[in-house]
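In: show me how the following folds:
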Amino acid sequence: MAKPRAIHKRRHSVQNIAKITKTMQMIATAKFKRTFNRAVAARPYTDRLTSLIGRLAAAASGFGHPLLVARTPKRIAVLAIAGNRGLCGGYNSNVGRELTAFRRRMASRGVELEVHASGKKLGGMLKFQKVPLSALHRQFEDKPSYAQVDEVASAFLARYAAGEIDELHVVYTKFVSAARQRAVSEQVLPLRLNAGDPERALSGPQARGDESQGPTSTGPAPKAVLGDTIFDPDAASILSDLLPRSVRMHVFQAFLDAAVSEQTARMVAMKAATDNARDMIKALTMIYNRSRQTLITTELSEIMGGAAALE
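Out: Okay, the predicted model is just below:
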């Protein structure tokens, strides 16, 4: 059995670690509330934008736009979103595994794939796997701004309109609830208008790993969709402005979901680490008391033995 002094030092070290992990858990909890409020606040705007695009698509018959042009995929771009820091459980590794699965699916299709990554941890992971990166974004922290995301999304929009890429996909951790987050891959470009359902105007391949969204209506738009709405300028002009904005909002929502998922994962990981440290402290305390009792018993036996020898 180890000496009491060594056990005491180890217990003291574990206590310090428990204080650190508890502090990190509290910080992650505070950041989670802020990031959760931002992610939830952005969803009503995205939903209203989708509904408006549905009404415009029903009014603008025969509308055409470069973002709606579906081409035979030869070159595909994927943007993978992870974190700059660790200590968040399997958050970064789950994104890496989903990206690896996506790369395998694209390789089976025989198309060229360019990988764009966000997050230092994901960049290091891909560098270790010797995956060539087209770009690595390190500027996104706990509060990604729309201006930062717009800079990245606008570059993809310009390249898609110029024909440099044929599809754009996003791999990120989708926030479902505080107890459930999953790494998914979603197709962002090209867009496909669903004029028959104004609440789900933008449709496309479903996200990998996400629930099925159900069938979408492809029939003619009902008259009640338009009602007495008057569009000025015409619906096609408004739709031309809203389609790029919807793509930017899709990418921005992905960054918001990734941020809140990262804080949730870090909060859970630090709580588990704190609980494990406390259990280890209890176990070390029992070992320390047992070792100290053994040492005292040995010393008493030696004293009694010495006294008996003097008699």
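In: residues in contact with residue 231?
Out: Residue 231 is in contact with 56, 59, 238, counting by C-beta atoms under 8 Å, 6 or more residues apart in numbering. Placement of C-beta: from N, CA and C, glycine included.
In: so which helix or strand takes in it?
Out: Using DSSP states H and E, residue 231 maps to neither a helix nor a strand.
In: then residue 124?
Out: Counting by DSSP H and E, residue 124 is found in helix 120-128.
In: do the same with residue 148
Out: Per DSSP H and E: helix 146-161 holds residue 148.
In: for the contacts of residue 231, give me a markdown table that also has pLDDT, distance to residue 255 and neighbour count.
Out: Output for the contacts of residue 231, formatted as a markdown table (pLDDT from 0 to 100; distance: C-beta to C-beta, whole Å; neighbours: other C-beta atoms under 10 Å):
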| residue | pLDDT | distance to residue 255 | neighbour count |
| --- | --- | --- | --- |
| 56 | 77 | 26 | 27 |
| 59 | 70 | 32 | 20 |
| 238 | 81 | 26 | 18 |
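In: looking at the residues you listed, which are in helices?
Out: Among the contacts of residue 231, DSSP state H puts 56, 59, 238 in helices.
In: ok, so of the residues you listed, who is nearest residue 190?
Out: Residue 190 lies nearest to residue 56 out of the ones in helices among the contacts of residue 231, by C-beta to C-beta, at 17.6 Å.
In: tell me how far that closest one lies from residue 237.
Out: Going from residue 56 to residue 237 by C-beta to C-beta, to the nearest Å gives 10 Å.
In: next one: residue 114
Out: Counting by C-beta to C-beta, the gap from residue 114 to residue 237 is 33 Å.
In: so for these two, which residue has more residues nearby?
Out: More crowded of residue 114 and residue 237, by other C-beta atoms under 10 Å: residue 114, with 16 against 13.
In: which helix or which strand is home to residue 185?
Out: Applying DSSP H and E, one finds residue 185 within strand 180-189.
In: could you check the angle helix 146-161 makes with that strand?
Out: Orientation check (axes from the mean of the first three to the mean of the last three C-alpha atoms, to 10 degrees): strand 180-189 against helix 146-161 gives 40 degrees.
In: list the contacts of strand 180-189.
Out: The contact list for strand 180-189, computed with C-beta under 8 Å, 6+ apart, reads 67, 78, 91, 94-95, 97-99, 101-102, 156-157, 160, 165, 167-176, 204-205, 207-210, 247, 250-251, 254, 261, 264-265.
In: just the ones of those in strands?
Out: Using DSSP state E, the subset of these located in strands is 78, 167, 168, 169, 170, 171, 172, 173, 174, 175, 176.
In: which of those residues count as buried?
Out: 78, 167, 168, 169, 170, 171, 172, 173, 174, 175 (16 or more other C-beta atoms under 10 Å).
In: phi, psi for the residue nearest to residue 63 when sequence neighbours are not counted please.
Out: Excluding the flanking residues, the one nearest residue 63 by C-beta to C-beta, 6 or more residues apart in numbering is residue 236, at 5.1 Å. With angles defined as degrees, to the nearest 10, residue 236 shows backbone torsions of phi -70, psi -40.
In: so what does the helix or strand harbouring residue 106 touch, helix or strand wise?
Out: Here residue 106, judged by DSSP H and E, is contained in helix 91-109. Under the contact definition 3 or more C-beta pairs under 8 Å, 6 or more residues apart in numbering; DSSP states H and E, helix 91-109 sits against strand 75-81, strand 112-118, helix 120-128, strand 167-177, strand 180-189, helix 235-310.
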